[in-house]
Structure formats: C-alpha cells, structure tokens
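Peer 1: 3D model of this:
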Amino acid sequence: MAEKAPEASLQLDSSLLGMQTIAAGLDVPWEICWGPDDRIWFTEQNGSISRLDPTTGEKKLLLRIPEVWRHRSAGLLGMAVGKLIDNQVYVFVDFTHRHDSVITSRLVRYRLDGDTLVEARLLLEIPGNTGHNGSRVVLSPGGLLYWATGDAANLANAQNRASLNGKILRLHTDGSIPADNPDPQSPVWAMGFRNMQGLTFSATGRLYASEHGDATDDEINLLLPAGNYGWPLVEGFTHTDKEKQVQPAGSMPPLKAWTPTIAPAGMEYYGSDLIPEWTNSLLLGTLKDQSLRVLQLDARGEQISTEQVFLEKALGRIRDICVSPQGEVFLATSNRDWNPAPGFPKPQDDRIIRLAPDQRRAATVYSATAPGDPTTAQATTAQANPNPETIYNQYCASCHKPDGRGLPGSFPALKASPLVNGDPQALIHLLLKGKKQMPAFEFLSNQELSAIGSFIRSSWGNNQTAITEPTIQLSRNK
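Peer 2: Take a look at the predicted model:
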C-alpha cells in the first residue's frame, strides 16, 4: 500500500516537511513522549495514559487514573517514560487530585506489565490549585527525575525555600533526595518560577524550561543548580528600578522573554540532522500564539541565536512536542481544553501530527512567519500610533475573546459589561492594578491604555466615550 500523501507541507530554507495526522479525536493530550518501545506515549487531561504506534496509528489504553481531578488546567499533566536499571519500563506522572476542598499535585510512579501500568507508588505530593500547577516531568541522561512545579497561584511560594511550589525538584526515581542536591535534605534544585509548561534536556545534558509570565515576560530559561529565576520579584530581564532593588541575590536572567506573551507550552530539544535547519534548537509549542517556534541555540547551548515561527493559527493551540530517535517531530494540539482559541476545536481535534521530510508538495504549504523581538516589557511602547484592536488582541483577547464575550465561569464578558459601560475611572483602575486572575497593565504606556480602554468601551455594542491619556495619567498620579 502506498504511503499516504501529506495533508500539508512545511517549507523550510531547503527542506520540505510533510504533515500527517496520526491520531485524532483525543481529549487534550497534555504530554507526548517517545518511549523505549518506539511508541509515542501520551497523557490525556481526563486521566488516561496511552501509547500509539506512529506507523499504524494503533492506540492502546494502558491506564485510566480515577484519582485525577480535572478542572480548567488541572488534571493529568506531565509524564516521563524510561527503562531503569532493572530493565523494567517505568512511568512517572504528575496529576491533580482533590479531596474535599484540598487540591494537591501528585508525582506517582508506575511499572509497565504487558499492556497495563501497575504498582502505583506515590513519590511526592504538594499543594495544588485550579491552575499554576506547572506540569512537566523529565528523566535526565543520568536517570534522575526532574519535576517542574508551579506556584499554585500563590506568589509567595516561588521564593519560599520551605515550599516545593514554584520550583524545579530533583529526585531519585524512588522518590529519595540525591545527596548532591544544593541542599541534600531538600528536593529543590532551582527556584523562582511561576508556571512552567516545558522542560527538556539537550544532547549535552543542559536543562531548559519554558514558563508562563503574567501580563508580560514569558520566558525560556537555562536551568542551573541552586539558580533563582526571580518570580515574582523579577519578570523576564531586570529592566525596572524596582526589580533592580528587590531581585534575589544571584538571580538568573532568561535566555529569552516575550512581551506580549505567547503562552509557551511543551518544548523539546532537537539534535537530529534529519531536518538540518532545526539541528541544535529548541522546538516550542505555544497556546495563546498558536504556533510552533524554533529557537536556534549557539554551539554552547547558552544563548538563543535566532527564532522562527511556523504554523501560526493553523493548528490552534499546540500543547506538546516530541522527537523520535530518527528525528521526526510530533505535535499535540490542545483545542478541547478549557480555553480554546476562536474557531476551534475542529472536528478532528485534538490531534497528534507528524512532521518529517517529504518531497511530495501538498496543496497547502506553510512557511515561516517573521517573529517580533519583544524582549522587554516596554517593547510595544515604541509604536507611534498603536492600533487599538491589535493591542487588545495582544493583551486581552486570549481571556476575554476577540468578540468580547469572555469565557463563562472564568473570564467575564466585556460586551454589555456594567464595568466597561460605567464610570471610566473604575475600568482605568482595573487596567492599571489588576484584580485576582487579571494582571496589572500599568507597564503599558498611557497611549496604549487609552487605545485598549477606548476600544473596549466602543466595541461589541458598547457605546461609551473614549478614555483619554490625561485621564489615565491622573489615575496613575493618584
């Protein structure tokens, strides 16, 4: 039987990649990773662990974990799979659990027995929340276990050395603490994180993480033992006087930061020569930006030299990435999660998609789109005449949606909102200072805040007067 023609093509500088769906109709695959059996292992947020034959598409359910509690971004999240010294295949998963009103994140180990996962062993349990649980688990080349935890929506956790939230935790695969950890009595290996969604080792053993910022500064970090990565005292690079005053001793700058935010998710190191344009790079999926980003590393792996953006808005939210030993790339979409992008989910969602060299050019061909280079929180203020709708889409639409309808139960509608249509001072105060889930946007210029506020007050049937720059300055002064 002839191999299926590609559904679409991806044109690189020289290489032409074919895109092919190998699994469809999934329920938010959060983690995909290449197993020691040459299968793709994947978690679904509902609590399922399965493996997939990438050649035939045959899928086998290995376990459904009844203790998983799913809500918003909580559920069955990260996973690592590997053979240990006894030549058995072990699986390590991170999932959210709720008992009465208490929410926790659990790190649990299983052993593969035939087509079933058995011998559940709880390695660690820490406080959790409906979001900011982190998610990723990886095994190092030396066989140690690394767990990226979120701050559980409590800012103080990330800088609290007694808390295991907002940290990189380093453990033996039996849950014990390695003697060469920065503190041999603690699993904490690095600290100062908000909500990491990507974690990957390079071929030389360097460890990288992707992290969600708040209103600004999504980050890529090169992780070092005992490193402090700043949150919540420093966001991204240290670029304000306040951050310079409060930054922790020895705080580590990111390799890259994005403002406006892109919501970086799963990340995988690419070291193969199969796709030569991507050799020695970090492949990053994004949620808000809905793209695949290729971040080229320098020879030492200490800097990001270039960035390319592919498949922007083509597949929707890209949650995770894995790479086969042969160099094929696999993407997992996340369009049936709690906060889908406009126009999604599509009928086949969620999917796992293969990218591999294929000279058969499909009818649909994608190429790179030029990224911006916003590396500081002030990046957008240089615009002479900022487009109000563009700024709204950059900072507000992922929550409140392009049509202003919001997300019921999570993000309030701006259409016909009493706040939006009432006293402008109340809206200005909220934009400047934030509240609960909504971040503060006081880093934006008066011009940008005027553009956003006026756009919101005059869109989707709202018919209110504009908010002027002097009015915003007056509120800042107060």
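
Peer 1: distance from stretch 449-465 to the middle of the chain?
Peer 2: 31 Å (C-alpha atoms, centre = their mean, to the nearest Å).

Peer 1: skipping adjacent residues, who's closest to residue 105 in space?
Peer 2: In space, and not counting its chain neighbours, residue 105 is closest to residue 128: 4.1 Å by C-beta to C-beta, 6 or more residues apart in numbering. Quick note: C-beta positions are derived from backbone N, CA and C, even for glycine.

Peer 1: now the one you found: how far from residue 164?
Peer 2: Separation of residue 128 from residue 164 (C-beta to C-beta, to the nearest Å): 11 Å.

Peer 1: go on, residue 368?
Peer 2: Noted for residue 368: a distance of 40 Å to residue 164, by C-beta to C-beta.

Peer 1: can you check the pLDDT for the closest residue to residue 219 other than its chain neighbours?
Peer 2: Excluding the flanking residues, the one nearest residue 219 by C-beta to C-beta, 6+ apart is residue 254, at 4.0 Å. Looking at residue 254, its pLDDT reads 97.

Peer 1: my guess is residue 254 meets residue 220, correct?
Peer 2: Yes - with contact defined as C-beta atoms under 8 Å, residue 254 reaches residue 220; the gap is 5.9 Å.

Peer 1: would you list every one of the strands in the stretch 1-150 of the chain?
Peer 2: Using DSSP state E, counting those that start in this stretch, the strands of the stretch 1-150 of the chain run over residues 8-11, 16-23, 29-34, 40-44, 48-52, 59-64, 76-83, 89-99, 102-113, 116-127, 137-139, 145-148.

Peer 1: partner strands of the fifth one, parallel or antiparallel?
Peer 2: Strand 48-52 has the following strand partners under DSSP bridges: strand 40-44 (antiparallel), strand 59-64 (antiparallel).

Peer 1: for the helix or strand hosting residue 474, packing partners?
Peer 2: Following DSSP states H and E, one finds residue 474 within helix 469-477. Applying 3 or more C-beta pairs under 8 Å, 6 or more residues apart in numbering; DSSP states H and E, one finds that helix 469-477 makes contact with helix 424-433, helix 446-457.

Peer 1: give me the buried positions along that helix.
Peer 2: In terms of neighbour count (16 or more other C-beta atoms under 10 Å), helix 469-477 has its buried residues at 471-472, 475.

Peer 1: check stretch 225-240 too.
Peer 2: 227-239.

Peer 1: now tabulate the residues you listed in a markdown table and tack on distance to residue 274 and secondary structure.
Peer 2: Formatted as a markdown table, the buried residues of stretch 225-240 follow (distance: C-beta to C-beta, whole Å; DSSP: H, G, I helix; E, B strand; the rest coil):
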| residue | distance to residue 274 | secondary structure |
| --- | --- | --- |
| 227 | 33 | coil |
| 228 | 37 | strand |
| 229 | 33 | coil |
| 230 | 36 | coil |
| 231 | 36 | coil |
| 232 | 41 | coil |
| 233 | 42 | coil |
| 234 | 38 | coil |
| 235 | 37 | coil |
| 236 | 33 | coil |
| 237 | 34 | coil |
| 238 | 39 | coil |
| 239 | 39 | coil |
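
Peer 1: tell me which two in these are the farthest apart.
Peer 2: Taking C-beta to C-beta, the two most distant members of those are 227 and 239; they sit 19.3 Å apart.

Peer 1: ok, now which ones touch residue 62?
Peer 2: 49-51, 112, 115-117 (C-beta atoms under 8 Å, 6 or more residues apart in numbering).

Peer 1: swap in 7 Å and give it another go.
Peer 2: With contact taken as C-beta atoms under 7 Å, 6 or more residues apart in numbering, residue 62 is in contact with 49-51, 115-117.

Peer 1: can you pull the pLDDT of it?
Peer 2: Note on residue 62: pLDDT of 98.

Peer 1: enumerate every residue touching residue 265.
Peer 2: For residue 265, the contacting residues are 197-198, 210, 285-287, 318-320, by C-beta under 7 Å, 6+ apart.

Peer 1: what is the neighbour count of residue 272?
Peer 2: Residue 272 has 18 neighbouring residues, counting by other C-beta atoms under 10 Å.

Peer 1: returning to that earlier point: output the helices and strands packed on helix 469-477 as TSV; include the columns mean pLDDT and mean neighbour count.
Peer 2: Shown next, in TSV, are those (pLDDT from 0 to 100; neighbours: other C-beta atoms under 10 Å):
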stretch	mean pLDDT	mean neighbour count
helix 424-433	94	17
helix 446-457	95	22
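
Peer 1: closest one to residue 394 among the ones you listed?
Peer 2: Between the helices and strands packed on helix 469-477, helix 446-457 lies closest to residue 394; by C-beta to C-beta that is 9.4 Å.

Peer 1: from the contact counts, what lies against the closest one?
Peer 2: Where contact means 3 or more C-beta pairs under 7 Å, 6 or more residues apart in numbering; DSSP states H and E, helix 446-457 is packed against helix 388-395, helix 424-433, helix 469-477.

Peer 1: TSV for the ones you listed, including distance to residue 24?
Peer 2: Formatted as TSV, the helices and strands packed on helix 446-457 follow (distance: least, C-beta to C-beta, whole Å):
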stretch	distance to residue 24
helix 388-395	29
helix 424-433	41
helix 469-477	48
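
Peer 1: closest one to residue 183 among these?
Peer 2: Comparing the helices and strands packed on helix 446-457 under C-beta to C-beta, the one sitting nearest is helix 424-433, at 36.8 Å.
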